[in-house]
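Participant: Quick one: sequence and predicted model below, then my questions.
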Amino acid sequence: DAGVIQSPRHEVTEMGQEVTLRCKPISGHDYLFWYRQTMMRGLELLIYFNNNVPIDDSGMPEDRFSAKMPNASFSTLKIQPSEPRDSAVYFCASSLASQGDRETQYFGPGTRLLVL
Amino acid sequence: SQQGEEDPQALSIQEGENATMNCSYKTSINNLQWYRQNSGRGLVHLILIRSNEREKHSGRLRVTLDTSKKSSSLLITASRAADTASYFCATDNYGQNFVFGPGTRLSVLP
C-alpha cells in the first residue's frame, strides 16, 4: 500500500487566494483526519470523518475553512480566502477503527502551506 | 478540554543511553498512543496502550500507563542517533476527541 497520499506537498500562495489540499487515505480505512501543525500551536485536529461523514469539525478555525469527503478514497481541505496566519503544515491521517476506537492513525507526508 | 502534555519539552542524551519521556492528561481515556515525527516528516505510530493495560513493549520501546495518575511514560532503551525526533503522546477519549500533546524533542548525540 502506498500509504496516505497528500497533494500538493508544498503550496505558496498570496493572501486572499483559495487553497485546496487533497488527501487519499489508505484503502479500506474508515476514518480520515485533518490536522494542522505550527510551532506556536503544535498539532491541532481540525476535522475528522467516519465513513465519509464529518463527525467533529470543532477544530476548524473559522468559516474560511471547509472540508469534504465525497467518497472513501478522497478528501479535500479548502481555505477561502487564505490568510498569512494559515501558513502551516497540514497533515491528513487515516485509520481503521476496531472495538469502537480509532486505533492507529497513519499520517501522510503533509502539505507545507505558505500564504504571503 | 482533555490534553496530553509531554515532559520534558526537550531532551538531549548520548547514544547508548536510555531516554524517558512522560505524558500527562486530564480526563479518562480508552487508549493512549505514542508517535514519532522526524524533522519535516509526518507522524509515525509507535505504540498503543489501552486503558486496561499497564505496560507494553515493542522492541526498544517500553510504555507504561497509570490511569490513576493520568500519566504515561515512554522509555527508549539503548538510544541511537536515528532516534532523534519529536515524540508525541495522543489520547483517545472514547471516540469523543483525539488530542496530541506538544511533544518532546529528543536529540541523541553520537
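Facilitator: Ah, there it is. Numbers count the residues shown, from 1 in each chain, chains lettered A, B, ... in the order given.
Participant: now the strands: where do they sit in the chain?
Facilitator: Because you didn't say which chain, this covers chain A. A:5-7, A:10-13, A:19-24, A:31-38, A:42-50, A:53-56, A:65-71, A:74-79, A:88-95, A:106-107, A:111-115 (DSSP state E).
Participant: Not quite, go with chain B.
Facilitator: B:5-7, B:10-14, B:19-24, B:31-37, B:43-50, B:55-58, B:61-66, B:71-76, B:85-92, B:98-100, B:104-109.
Participant: Pass me the low-pLDDT residue ranges in the chain, would you?
Facilitator: The chain I'm using is chain A. Within chain A, the segments meeting pLDDT under 70 span A:1, A:98-102.
Participant: my bad, the chain I had in mind was chain B
Facilitator: In chain B (pLDDT under 70), the answer is B:1-4, B:95-97.
Participant: Residue of it nearest chain A, please.
Facilitator: Distance from chain A to each residue of chain B (C-beta to the nearest C-beta) is smallest for residue B:42, at 3.6 Å. The way it works is simple: take the backbone N, C-alpha and C, and place the C-beta from them, glycine included.
Participant: Next one: that residue from residue A:89, what distance?
Facilitator: 9 Å (C-beta to C-beta, to the nearest Å).
Participant: thinking again about what came up before, who are the contact partners of the residue of chain B closest to chain A?
Facilitator: Residue B:42 makes contact with A:4, A:91, A:93, A:107-110 under the criterion C-beta atoms under 8 Å, 6 or more residues apart in numbering or on different chains.
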